[in-house]
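>>> predicted structure and sequence below. I'll ask about it afterward.
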Amino acid sequence: MVHNRQGVIGIDVGTGGVRAVAVSDRGEVAAAASVPFDPATLAPQEGRHEQEPEAWWAALCGATNQLAAKLNAARIDSGGLAGVAVDGTSGTVVALDARGRPLRPGIMYNDPRATWEADELNRAAGDFCRKLGYQFNASYGLAKIAWIQRHEPETFRRTAHFVHQADYVVGRLVDNPKVSDTSNALKTGYDLLEECWPAWIGEMLDLGDRLPRVVAPGSRIGAVAAGASHQTALPEGLPVLAGATDGTAAFLASGARRPGDYNTTLGTTLVFKGISGSICRHPDGLVYCHKLPGGLWLPGAASNTGTEWIHQRYPAGYPHALDAEASQLLPCETLAYPLARQGERFPFLAAHALGFCIPLTDDAARYHAACLQGTALLERLAYEVLDAVASTHGGDIFTTGGGGRNDLWLQCRADVTGRVVHRPASPESAFGSAILAASGTIYDGWDRAVQGMVKLEKTFLPRPERRAEYDRLYRAFCGELKGRGYL
């Protein structure tokens, strides 16, 4: 069902800046704007990663003002907008006082300091972890809150609200810092089965009512307040819908919407998400599940393998000139596991894992082909693990991320995995947030919004004549991983 108002805005608050897009109900991007964070407002420390929340807000205001100017130049009436939604990095935490002001820099998702606290949470909440099917680690928001309690007790005492990155900027938009969504709340320990904050969190951390009220992505939270409208150029009274984590938003932008569909985001790392009819539990806690409105689940995990080998070997950028020669070498007898640093977290957990290339080669094109193929071989293994825990089989892959722009790589991934691979036209988190804004305004639900708004740019079919060769290479690849003790 489509209602009268026909446009939405999606905002992605990322690690390095903010991107905003204005999108029609049919998925046409009318305007887009990006603003990086001011480096002077960030708070880097050795071995830690913090950012000033004011940098997020300032960049958001810059992006939305640019967006408004572009819409005005194109003679598009912003009064026809139906809503706005915001996504942010998963696991990033902010401590706010009673007036919603940050008490310290936000602790980012990739900050490693809370390892001890994560172990404590796992020991204290074993039954909960088994129920939800995951283990806490330092990237989780609840571990960061526990770190603040232990190491900064005065800040903890003064904190009235612990919120996530997206919650903070949404709170500024609607003048209410007390609301989050189920996607962002997952890593802070929200019980997605019972749909409540579990009692053990409050008892263990003495949090009282300092955790936010949680709603489903796409739910209406409020409206753009007058002061926020003045700063952002968003229309006063524009409905603000609950967003999600950046990974969940990117998943929606991929076009996947049916049980068995998967999304691989191939960036610096490989991030996997799929759709399942029920919660999925990996025996070693390697897979966690977000929850979509309507009862579907998103089993997901992330590998440390991705495009980092490119940055490491080719600091000047991707070597496009090697693609033509590499294409003639695929399937490639050289086996590569292109892990650029020590340690793997999925599809197996091995802190000692190291990348390899067998046999070692100085031939640039052969190394290039082997690494493209090696990433695809690891992706195939990852989907075998995900299929096993989610009771799915052979679903299509909807690919996003920078690596998804390379046709040679996508064809290789289709051939190796034996799955159809689709590339969407707008594979970005901001577009996924626009889908969530539309899901609660223009459309009745996220799945109808995805169906109505996502356009596929290109599809890659697996070539049957290469199946036997890649099956043989896959067995050899897995044998090499087993021989090294990784599997």
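On my side now, so go ahead. Numbering: from 1, shown residues only.

>>> in the helix or strand harbouring L481, which residues are buried?
Assigned by DSSP states H and E, L481 falls within helix 467-483. Neighbour-count burial for helix 467-483, counted by 16 or more other CB atoms under 10 Å, picks out 470, 473-474, 477-478, 480-481. For glycine as for every other residue, the C-beta is placed from the backbone atoms N, C-alpha and C.

>>> need those residues in TSV (columns: pLDDT).
As requested, the buried residues of helix 467-483 are exported to TSV (pLDDT from 0 to 100):
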residue	pLDDT
Y470	98
L473	98
Y474	98
F477	98
C478	98
E480	98
L481	98
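
>>> what is the nearest of those to G247?
For these, the closest approach to G247 (CB to CB) belongs to L481, at 25.5 Å.

>>> any idea how far G255 is from the nearest residue to the closest one once chain neighbours are set aside?
Distances taken as CB to CB, 6 or more residues apart in numbering place L487 nearest to L481, at 4.6 Å, with adjacent residues excluded. Distance, L487 to G255, by CB to CB, to the nearest Å: 32 Å.

>>> who has more neighbours out of those two?
Neighbours per residue (other CB atoms under 10 Å) separate L487 from G255, with G255 holding more: 27 against 13.

>>> could you report the pLDDT at the more buried one?
G255 is assigned 95 on the pLDDT scale.

>>> and it, how far from G395?
12 Å.

>>> which parts of the stretch 351-487 of the chain are helices?
364-390, 407-417, 429-439, 446-453, 467-483 (DSSP state H, counting those that start in this stretch).

>>> where do the strands sit along the stretch 201-350 of the chain?
213-215, 220-223, 239-241, 262-266, 270-274, 288-291, 297-303, 335-337 (DSSP state E, counting those that start in this stretch).

>>> coming back round to it: the helix holding L481 versus helix 407-417: what angle between them?
Angle, helix 467-483 to helix 407-417, by axes from the mean of the first three to the mean of the last three CA atoms, to 10 degrees: 80 degrees.

>>> picking up where we left off before, mind putting the strands of the stretch 201-350 of the chain into CSV with mean neighbour count?
Output for the strands of the stretch 201-350 of the chain, formatted as CSV (neighbours: other CB atoms under 10 Å):
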stretch, mean neighbour count
strand 213-215, 18
strand 220-223, 18
strand 239-241, 25
strand 262-266, 28
strand 270-274, 25
strand 288-291, 23
strand 297-303, 22
strand 335-337, 24
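
>>> among those strands, which is nearest R113?
strand 297-303 (19.5 Å).

>>> got the angle for the closest one vs strand 270-274?
Using the same axes, to 10 degrees: strand 297-303 against strand 270-274 is 170 degrees.

>>> same for strand 297-303, what does it pack against?
Where contact means 3 or more CB pairs under 8 Å, 6 or more residues apart in numbering; DSSP states H and E, strand 297-303 is packed against helix 246-254, strand 270-274, strand 288-291, helix 364-390.

>>> just the ones you listed: most buried one?
For those, the largest average neighbour count (mean count of other CB atoms under 10 Å) is found in helix 246-254, namely a mean of 29.

>>> coming back round to it: which one of the helices of the stretch 351-487 of the chain lies nearest to L234?
Taking the helices of the stretch 351-487 of the chain one by one with CB to CB, helix 429-439 is closest: 11.7 Å.

>>> just checking the distance from that closest one to the centre of its chain.
Put simply, helix 429-439 sits 13 Å off its chain's centre (CA atoms, centre = their mean, to the nearest Å).

>>> do stretch 313-330 as well
Mean C-alpha position of stretch 313-330 versus that of the full chain (CA atoms, centre = their mean) differs by 27 Å.

>>> can you list the buried residues in that stretch?
318, 322-323, 326-327, 329-330.

>>> then stretch 173-191?
173-174, 176-191.

>>> measure it end to end?
27 Å (CA to CA, to the nearest Å).

>>> what's the answer for stretch 8-22, then?
Termini of stretch 8-22 sit 6 Å apart (CA to CA).

>>> go on, stretch 318-333?
Across stretch 318-333, first to last residue, CA to CA, it's 23 Å.

>>> residues in contact with the nearest residue to D396 once chain neighbours are set aside?
Closest residue to D396 apart from its sequence neighbours, by CB to CB, 6+ apart: V420 at 4.6 Å. By CB atoms under 8 Å, 6 or more residues apart in numbering, V420 lies in contact with 396-397, 414, 459-462.

>>> to V23, which of the helices of the stretch 351-487 of the chain lies closest?
The closest of the helices of the stretch 351-487 of the chain to V23 is helix 429-439. By CB to CB, the value is 4.1 Å.

>>> show me what the closest one is packed up against.
Using 3+ CB pairs under 8 Å, 6+ apart, helix 429-439 sits against strand 7-13, strand 17-24, strand 81-88, strand 239-241, helix 246-254, helix 446-453.

>>> comparing those, which yields the minimum mean pLDDT?
helix 246-254 (a mean of 92).

>>> the inter-axis angle of it versus helix 429-439?
Going by the same axes, to 10 degrees, helix 246-254 makes 70 degrees with helix 429-439.

>>> before we go further, S180 is sitting in a helix, right?
No - counting by DSSP: H, G, I helix; E, B strand; the rest coil, one finds S180 to be strand, located in no helix.

>>> show me the contacts for it.
Shown in contact with S180 (CB under 8 Å, 6+ apart): 163-164, 166-167, 188, 212-215, 242.

>>> give me the beta-bridge partners of it?
Here S180 sits in beta bridges with V214, as judged by DSSP bridges.

>>> domain ranges for the chain, per the record?
7-247, 256-427+444-483 (automatic domain parsing).

>>> so where's the protein uncertain?
1-5, 43-44 (pLDDT under 70).

>>> now do the end-to-end distance for stretch 155-173.
25 Å.

>>> likewise for stretch 276-287?
Start and end residues of stretch 276-287 are separated by 13 Å (CA to CA).

>>> what does stretch 397-411 contact?
Taking CB under 8 Å, 6+ apart as the rule, stretch 397-411 contacts 250, 253-256, 261-267, 271, 306-307, 318, 323, 326-327, 372, 375-376, 383, 413-414, 417, 419-424, 427-428, 458, 460, 463.

>>> then it to CSV, C-alphas only?
Extracted in CSV, the C-alpha atoms of stretch 397-411 (Å, rounded to 0.1, in the frame of the first residue of the first chain):
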residue,chain,number,x,y,z
ILE,A,397,23.8,-13.4,-2.6
PHE,A,398,23.1,-9.7,-2.8
THR,A,399,26.5,-8.0,-2.6
THR,A,400,27.5,-4.6,-1.3
GLY,A,401,30.7,-2.8,-0.4
GLY,A,402,33.6,-1.6,-2.5
GLY,A,403,34.6,-5.0,-3.7
GLY,A,404,31.1,-5.5,-5.1
ARG,A,405,31.9,-3.0,-7.9
ASN,A,406,34.4,-5.4,-9.6
ASP,A,407,32.7,-7.5,-12.3
LEU,A,408,35.6,-10.0,-12.5
TRP,A,409,35.5,-10.6,-8.7
LEU,A,410,31.7,-11.0,-8.7
GLN,A,411,31.7,-13.5,-11.5
